[in-house]
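Colleague: return atomic coordinates for the entry below.
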Amino acid sequence: MGDIINFSENFYILEDGRVRQFLICGEKEALLIDTGFPDSHVPEDVRKITDLPVKVILTHGDMDHTGGLKDFGECWLNQRDWHLIPEGIKLHDIREGDVFSCGGYRLEALEIPGHTFGSIAFADREKKLLLPGDSVQKGGPIFMFGDHRSLDLYLESQEKLLGIMEQVESVLPCHHEYPIGPEYIERNLLDARALKKGELAGEKHPVLPCCSYKGKWTEFYY
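Modeller: Reported below is the predicted structural model:
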């Protein structure tokens, strides 16, 4: 079981020390953003907070965000990450501009491929809040190795997020420190550009099939 933090009105953070999820409680349903690892016990933590029906939306399809899906049976996820989801889950597509409203929050979907091809950020422009999944972090490491990732698309997506940076005050990543400021969008972008240009020295990772590249602010596994 992880920690349950009442971050703001109707908005909870579920934290297991490795990855975090977000739960918004409305009047008739709850909105769960990501489901953690299989052993994160997210379904149990959700039921400690609410008995409402739960709609699951995913920032992307990596296994540390989809581990609790079997307990919910369906989810909303960008179609380009559907191949990462175990069989038996009912899938609904998320597209650019889709809006999920719950508990006084209005989350607009922004397609930000790169970390995965189907990565999505959710922005509440009125509350100046951004939920970027794994694509914006303080420090990292941000995983950028494997066939389902693209550094070129990541660069384009960070530039896209840079365009709304002035509309954001708080960023809630799924890993590492939170909340962070919107300046980390630009910091991640600058370090990713340096990675693309070959300006960062790499060290072979002792376990994973990648190298670690450390920029001024951000570490990438690539």
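Colleague: what count of nearby residues applies to the nearest residue to Trp82 once chain neighbours are set aside?
Modeller: Once flanking residues are discounted, Trp82 sits nearest to Leu91: 5.4 Å by CB to CB, 6 or more residues apart in numbering. Backbone N, C-alpha and C define where each C-beta goes, glycine included. Using other CB atoms under 10 Å, Leu91 has 16 neighbouring residues.
Colleague: show me the beta-bridge partners of Leu91.
Modeller: Cys75 (DSSP bridges).
Colleague: now stretch 82-101: average pLDDT?
Modeller: Stretch 82-101 carries an average pLDDT of 97.
Colleague: sorry, back to before: distance of the residue nearest to Trp82 relative to Ile85?
Modeller: The spacing between Leu91 and Ile85, counted by CB to CB, to the nearest Å, is 6 Å.
Colleague: shouldn't Leu32 be in contact with Ile57?
Modeller: Yes - counting by CB atoms under 8 Å, Leu32 does reach Ile57; the two are 7.3 Å apart.
Colleague: between the two, who's got more neighbours?
Modeller: Leu32 (28 against 22).
Colleague: ok, now which ones touch Gly103?
Modeller: By CB atoms under 8 Å, 6 or more residues apart in numbering, Gly103 lies in contact with Glu9, Asn10, Phe11, Ile24, Cys25, Gly26, Glu27, Ala30, Leu31.
Colleague: same thing with Ser101?
Modeller: Contacts for Ser101 (CB under 8 Å, 6+ apart) come out as Gly26, Leu107.
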